[in-house]
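1. the following block contains a protein sequence and its predicted model.
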Amino acid sequence: MLAYSAPSTVEEVVRVLAGASGVAKVLSGGTDLLVQIRSGRTRPALIVDTKKIPGISGISERDGGFVIGAATPGAVIGECEPLKKAWPGIVEATNLIGSTQVQGRASLAGNLCNASPAADSVPALIAARATCVIAGTNGRREVPVETIVIGPGRTSLKPDEFIIEFHLPKRPPRSADAYLRFIPRTEMDIAVVGAGVNVTLDPAGVCTDARVVLGAVAPTAVLVSEAATALIGRKLDETALAGLDRAARQACKPINDKRGTIEYRTKVAGVMARRAAVIAYERAGERR
Amino acid sequence: MSKHHVTTTINGEPTEFLCEPQLTLLDVLRDELRLTGSKEGCSSGDCGACSVTVDGRLVCSCLMLAVEAEGRAIETVEGMAQGHDLHPLQRKFLEHAALQCGFCTPGVLVAAKALLDRNPDPTETETRYWLAGNLCRCTGYDKIVRAVLDAAAEMRGQA
């Protein structure tokens, strides 16, 4: 039989999670969790709703960067103009998740902890060097987003742990990000391939820092350091783009399924990485 | 199993109900409160037939637990008309015959109202993207979009 708890402090949520006798699931927006409960894919004994915790939903600026509450709905993220200006790639990735209705509830913590290889916000967050703050019985720890998902549907969080917020670092000048996903139609689908690119340019337009992350082409999102190496030290010429394309394809370990074959996903990963890089460069170049 | 006592506001009316924790807001709206305007289509957040607003935010009531309604303000399709006066969107849906079987209509109306509350002058493209989560299996989207844009124009005083 399912039980529901909605504590109003982080410490109480941790206590309830630690004391749960069966499977306990953390509820933010519920747009994945409730579907999985209904289908029988997960059968929790306890749902712990985090939304009564003050600050668990909302966005603030701190030390030149941003703090995004774990349960902040996508719609709120999409309406935050300072965040859109600083991190357009993260916002566009988040806003690709589901419909307007889903955006009204779906959260970054949910998208991450659902641990789908095709999660749209995750490559963008990793490209941004986003970190998340995890609360548990042993206190709080801040870890890079890429350490959370360890396989499809599996995370590194312990049963008594949950994410309370995400941190986005301060931006150097001439920095920007972009996220693109490929789906066979324009809306309401799951990524065949996703690509997040985050770059910083020098005043001459030469790339000084880059992060390239692919989604839906491996069991988890893949941070492709060779793709970043292809960009760093160059303007966005064909050599850089070809190197990026090759590195992206080489990083792919995709599955065959109804949305795409291994060969197709691999090819498209290179194309999406190229296109996202072009957008990120253009955005960064406009920020002189 | 212990039931939860929930105090909420539905269409401006303070409302209380008892519910088991696994019930969705849609379950309680329809089966407990007899507000059967919100429809159950897919139960997975894909079709939008159960659309309601929670504190002004458009959501699928099938993807929200009823206990989560505690302290929130819910608006359903039943709250759109004022007495016998239909909301302009409802009137325009009739004028444009923007429905066939009608099953998706309450969800579309609630979603369209949420759009116009934010953006009184949406483009056709904005309207179509906003309503992408409301599926009509009769494929009547064209008339729906025309009715929404016409209602928007009337509400702006331009029709």
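-> Thanks, I have it.

2. okay, CA-based contacts and neighbour counts for the rest of this
-> Noted.

3. report the contact partners of the residue in chain B positioned nearest to chain A.
-> Per Cα to the nearest Cα, B:Val59 is where chain B lies closest to chain A, at 4.1 Å. Contacts here follow Cα atoms under 8 Å, 6 or more residues apart in numbering or on different chains; on that basis B:Val59 touches A:100-105, B:51-53.

4. and the spatially most central residue of chain B, what helix or strand is that in?
-> Most central in chain B under Cα atoms, centre = their mean is B:Val110, positioned 2.9 Å from the mean C-alpha point. Following DSSP states H and E, one finds B:Val110 within helix B:105-118.

5. which non-adjacent residue is nearest the residue of chain B closest to chain A?
-> Nearest residue to B:Val59, sequence neighbours excluded (Cα to Cα, 6 or more residues apart in numbering or on different chains): A:Gln101, at 4.1 Å.

6. list the contacts of the closest residue to A:Val133 other than its chain neighbours.
-> Closest residue to A:Val133 apart from its sequence neighbours, by Cα to Cα, 6+ apart: A:Glu142 at 4.3 Å. Residues counted as contacts of A:Glu142 (Cα under 8 Å, 6+ apart) are A:131-134.

7. make a PyMOL selection of the buried ones in those.
-> With 16 or more other Cα atoms under 10 Å in any protein chain shown as the burial test, the buried ones among these are selected in PyMOL as follows:
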select buried, chain A and resi 131+132+133+134
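
8. who's in contact with the residue nearest to B:Val59?
-> Shown in contact with A:Gln101 (Cα under 8 Å, 6+ apart): B:45, B:48, B:51, B:58-60, B:133.

9. for A:Leu190, grab the count of nearby residues.
-> One correction, residue A:190 is Ile, not Leu. 19 (other Cα atoms under 10 Å in any protein chain shown).

10. quick check: which ranges of chain B have low pLDDT?
-> Scanning chain B for pLDDT under 70 picks out B:1, B:159.

11. ok, 90 please
-> Counting by pLDDT under 90, chain B shows low-confidence ranges at B:1-2, B:139-140, B:158-159.

12. sorry, back to before: widest-spaced pair of the contacts of A:Gln101?
-> Spanning the widest gap among the contacts of A:Gln101 are B:Gly45 and B:Leu58, at 12.0 Å by Cα to Cα.

13. any idea which element residue 126 lies in?
-> Defaulting to chain A. Assigned by DSSP H and E, A:Ile126 falls in helix A:121-127.

14. I was thinking of chain B, sorry if that wasn't clear
-> For B:Glu126, the element it lies in under DSSP H and E is helix B:124-130.

15. ditto for A:Arg38
-> Per DSSP H and E, A:Arg38 falls inside helix A:33-39.

16. need the next SSE after that helix, C-terminal direction.
-> Next along from helix A:33-39, by DSSP H and E: strand A:46-49.

17. so who does the most centrally placed residue in chain A touch?
-> In chain A, the C-alpha nearest the mean C-alpha coordinate belongs to A:Val122, at 1.8 Å (Cα atoms, centre = their mean). When contacts are counted by Cα under 8 Å, 6+ apart, A:Val122 is found next to A:111-112, A:145, A:215, A:221.

18. just the buried ones from those residues?
-> A:111-112, A:145, A:215, A:221.

19. among those, which are located in helices?
-> A:111-112 (DSSP state H).

20. make TSV from the buried ones among the contacts of A:Val122 and add distance to A:Phe166 and pLDDT to it.
-> Listed next are these as TSV, based on distance: Cα to Cα, whole Å; pLDDT from 0 to 100:
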residue	distance to A:Phe166	pLDDT
A:Asn111	12	98
A:Leu112	11	98
A:Val145	8	98
A:Gly215	19	97
A:Ala221	17	98
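
21. out of the buried ones among the contacts of A:Val122, which is nearest to chain B?
-> Proximity of the buried ones among the contacts of A:Val122 to chain B (Cα to the nearest Cα) peaks at A:Asn111, which lies at 14.8 Å.

22. once you drop chain neighbours, what's closest to the closest one?
-> Distances taken as Cα to Cα, 6+ apart put A:Ala119 closest to A:Asn111, at 6.1 Å, once the chain neighbours are dropped.

23. tell me the spacing between that neighbour and chain B.
-> Distance, A:Ala119 to chain B, by Cα to the nearest Cα, to the nearest Å: 17 Å.
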